[in-house]
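Trainee: fold the following and give me the result.
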Amino acid sequence: MEREHLGSRLGFILLSAGCAIGVGNVWKFPYLAGQSGGGLFVLVYLFFLVILGLPVLTMEFSMGRAAQKSPVRLYQQLEPQGSKWHLHGYVAMAGNYILMMFYTTVCGWMIYYFFATAGGAFVGADTARVGAIFSEMLANTPAMVGCMLLTVIGGFAICSIGLQNGLERVTKWMMLALLAIMLILAVNSVTMEGGSEGLAFYLVPDLERAMDVGILTVLVNAMNQSFFTLSLGIGAMAIFGSYLNKDRALLGESVNVTVLDTFVAFTSGLIIFPACFAYGVEPDSGPNLIFVTLPNIFNHMPLGRLWGSLFFLFLLFASFSTVLAVFENIMACCSDLFGWSRKKSGLINTFIMIVLSLPCTLGFNVLSGIQPFGEGSSIMDLEDFVVSNLLLPIGSLIFVLFCVTRYGWGWKNFLHEANQGKGLKFPDHPALRFYITFILPLIVIAILAVGVLDKFL
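Mentor: Numbering: from 1, shown residues only. Predicted coordinates:
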């Protein structure tokens, strides 16, 4: 079966960025920046993005393009005979399923909140009522399951249409709309009365604030965020490399995807901080920021229902673009493994994904008694931990070792693939090679260790 290819370079960049851009950009990055010294954190984050995120992303794209296969089959094309690297392909495939087991629920929340905000559910609600709406949504089993079903069925239906006509076309329009909505929201926030204080809090480097949380904490937070923001390690990016032709060098493409991902994270802060400061609200982290703090602010804002609806539409596009990208990966893996057509793979996986998503969706209501990490934790926390703290760093470590060692694909093969075509080339410098071979794996191991220890200590 001939490999499908994307119709345009823009399609590739927007698809890959859509996979990387998720709600973590919005509910984690701005909060970490505010807490960890404002502009100082942003600078440290960008530094780690360049030395950590970019090389691994380029490797993942290169492996996909060289193999012209999905993650579950790419190692067989590239590994030395008799080696066992390909076992990671099955783990990467499983990682995509586990990621979607909870992400379909998160995307469902965005659907619910978009319609709730547009329908006026928050109009006139006081702070207590806004908080109660989030709790009521989680407890509303039919609504939660319904929104998850919409996400799964809609996602696989679009991917089933085809790579160019379905996935690429829908994602392109969705991502362009997302960027436009963000810019409109950011301009609105920045021009608010009292918003300039929030801008200063967010953008001006503040060593004192960084010292308060601890310089080591700032470094670890920036390192973690720069690593996790690109969704590296489970082949979610390799699949788009496999749909690329050879006319562009891959470091330049990785830079484009990283810039877009960073733009969304950075602009989220421009939306959130001026609004929080204009209305004297403390910016929170995680779901509370999005589902409690911000609806309260929109309530006090002129045209708040419009701005709130636009904000949740942006979040819906951000989360659904990730769903589409990972569903594409899952379908491609199944096609490579079992020879299924795109439509057959989409149909079978729709049912599999619905069943796999139910524990998380029901984990806030029917199954709320299951608390894997103790009081107040949920099934989602367990699934998120397995993907974010285990599979992503371990997978990234395997990708890096595979690309630098002669027992894997090897440095020369990686460079040859990465540097084919026009654009920014990956430098073949002894110091860089030493860093990527010896230092980069240690950084990834440190991220893995911090993530695990944080959870259990």
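Trainee: what residues does stretch 339-353 touch?
Mentor: By Cβ atoms under 8 Å, 6 or more residues apart in numbering, the residues outside stretch 339-353 that reach it are 1, 97, 100, 104, 152-153, 156-157, 159-160, 162, 327, 330-331, 334-335, 338. C-beta coordinates here come from the backbone N, C-alpha and C atoms, glycine included.
Trainee: residues in contact with the host helix or strand of residue 134?
Mentor: Residue 134 belongs to helix 127-139 when assigned by DSSP states H and E. The contact list for helix 127-139 (Cβ under 8 Å, 6+ apart) reads 109, 112-113, 116, 121-122, 125, 143-144, 287, 291-292, 295-296, 299, 364-365.
Trainee: quick one: low-confidence ranges for the stretch 151-300 of the chain?
Mentor: For the stretch 151-300 of the chain, applying pLDDT under 70 flags the ranges 285.
Trainee: tell me where it has strands.
Mentor: Using DSSP state E, counting those that start in this stretch, the stretch 151-300 of the chain contains no strands.
Trainee: tell me where the longest helix sits in this protein.
Mentor: With secondary structure taken from DSSP state H, the chain has its longest helix at helix 304-338.
Trainee: okay, buried residues for that one please.
Mentor: 304-305, 307-336 (16 or more other Cβ atoms under 10 Å).
Trainee: and that helix, how far out from the chain middle?
Mentor: Chain-centre distance of helix 304-338: 10 Å, with Cα atoms, centre = their mean, to the nearest Å.
Trainee: by how many degrees do the helix or strand following that helix and helix 304-338 diverge?
Mentor: As assigned by DSSP H and E, the chain's next helix or strand after helix 304-338 is helix 342-362. Per axes from the mean of the first three to the mean of the last three Cα atoms, to 10 degrees, the angle that helix 342-362 makes with helix 304-338 is 130 degrees.
Trainee: tabulate the CA atom coordinates of helix 342-362 in CSV.
Mentor: The C-alpha trace of helix 342-362 is given here as CSV (Å, rounded to 0.1, in the frame of the first residue of the first chain):
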residue,chain,number,x,y,z
ARG,A,342,-8.3,3.7,7.0
LYS,A,343,-12.1,3.4,7.3
LYS,A,344,-11.9,-0.1,9.0
SER,A,345,-9.2,1.1,11.4
GLY,A,346,-11.3,4.2,12.2
LEU,A,347,-14.5,2.2,12.8
ILE,A,348,-12.9,-0.5,15.0
ASN,A,349,-10.9,2.1,17.0
THR,A,350,-14.0,4.1,17.6
PHE,A,351,-15.5,1.3,19.7
ILE,A,352,-12.1,0.4,21.4
MET,A,353,-11.6,4.1,22.3
ILE,A,354,-15.1,4.5,23.8
VAL,A,355,-14.6,1.5,26.0
LEU,A,356,-11.1,2.6,27.1
SER,A,357,-12.2,6.2,27.8
LEU,A,358,-15.1,5.2,30.1
PRO,A,359,-13.1,4.5,33.3
CYS,A,360,-11.8,8.1,33.2
THR,A,361,-15.1,9.7,32.3
LEU,A,362,-16.9,7.7,35.0
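Trainee: dump the helix or strand that it is followed by to CSV, restricted to CA.
Mentor: Later in the chain than helix 342-362, the nearest helix or strand by DSSP H and E is helix 379-384. Written as CSV, here are the backbone C-alpha positions of helix 379-384 (Å, rounded to 0.1, in the frame of the first residue of the first chain):
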residue,chain,number,x,y,z
ILE,A,379,-8.5,7.5,37.5
MET,A,380,-7.4,10.4,35.3
ASP,A,381,-4.5,11.1,37.6
LEU,A,382,-3.2,7.5,37.3
GLU,A,383,-3.5,7.5,33.5
ASP,A,384,-1.9,11.0,33.2
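Trainee: what sits up against helix 379-384?
Mentor: 98, 101-102, 105, 359-360, 362-364, 367, 370, 372-373.
Trainee: closest to residue 271 among those?
Mentor: Nearest to residue 271 among the contacts of helix 379-384: residue 105, at 23.8 Å, using Cβ to Cβ.
Trainee: re earlier: mind checking which of the contacts of helix 379-384 are buried?
Mentor: Counted by 16+ other Cβ under 10 Å, these give 98, 101, 102, 105, 359, 360, 362, 363, 364 as buried.
Trainee: can you pull the contacts of residue 101?
Mentor: Counted by Cβ under 8 Å, 6+ apart, residue 101 has contacts 356, 357, 359, 360, 383.
Trainee: tell me how far it lies from residue 384.
Mentor: 10 Å (Cβ to Cβ, to the nearest Å).
Trainee: just residue 311 next, same as before
Mentor: For residue 311 relative to residue 384 (Cβ to Cβ), the value is 23 Å.
Trainee: equivalent analysis for residue 148, please.
Mentor: Taken as Cβ to Cβ, the span from residue 148 to residue 384 is 16 Å.
Trainee: of these two, which one has the most company?
Mentor: The neighbour comparison of residue 148 against residue 384 (other Cβ atoms under 10 Å) goes to residue 148, with 24 against 18.
Trainee: residue contacts, that one?
Mentor: Contacts of residue 148 (Cβ under 8 Å, 6+ apart): 104, 105, 107, 108, 354, 357, 358, 361.
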